[in-house]
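Colleague: Here you go, sequence then predicted model.
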Amino acid sequence: MGGCVTTFSEMRHKDVINICDGARLGRICDLELDIDECMGQLVAIVVPGPCRLFGILKSDEELVIPFHCITKFGDDVILVNIPPAKT
């Protein structure tokens, strides 16, 4: 992911889509950054967990998506590659 500069304000208005199954995961609610002496690096994006009770109540869980799983920052969406959970 080279040279793309965007703000958190811009990123949080984009839908996060999983390219493995086409699922809409929501919109970014938080970021995880690694801040060292000179630069900060994006480590992960955070989206809210799935809604409960017919989509009315928000979940207390959050989905943390590591940076290496982000495949593309598009104009309207952020594409991620998250394999399905093995049960």
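Modeller: Right, received. Where do you want to start?
Colleague: all strands for this structure, in order.
Modeller: In the chain, the strands defined using DSSP state E lie at 15-18, 24-27, 30-35, 40-48, 62-66, 70-73, 77-80.
Colleague: Give me the contacts around the last one.
Modeller: Contact partners of strand 77-80, identified using Cβ atoms under 8 Å, 6 or more residues apart in numbering, comprise 11, 14-19, 25, 28, 45, 65, 69-72. Any C-beta I mention is one placed from the backbone N, CA and C, and that applies to glycine too.
Colleague: Which one (most neighbours) among those residues?
Modeller: For the contacts of strand 77-80, the largest number of neighbours (other Cβ atoms under 10 Å) sits with Ile45, at 26 neighbours.
Colleague: Beta-bridge partners for it, please?
Modeller: Counting by DSSP bridges, Ile45 is bridged to Leu31, Ile65.
Colleague: ok, it to Ile35 distance?
Modeller: Distance, Ile45 to Ile35, by Cβ to Cβ, to the nearest Å: 16 Å.
Colleague: What of Ile70?
Modeller: From Ile70 to Ile35 the distance is 19 Å (Cβ to Cβ).
Colleague: go on, Pro66?
Modeller: Distance of Pro66 to Ile35, computed by Cβ to Cβ: 17 Å.
Colleague: again with Gln41
Modeller: Noted for Gln41: a distance of 8 Å to Ile35, by Cβ to Cβ.
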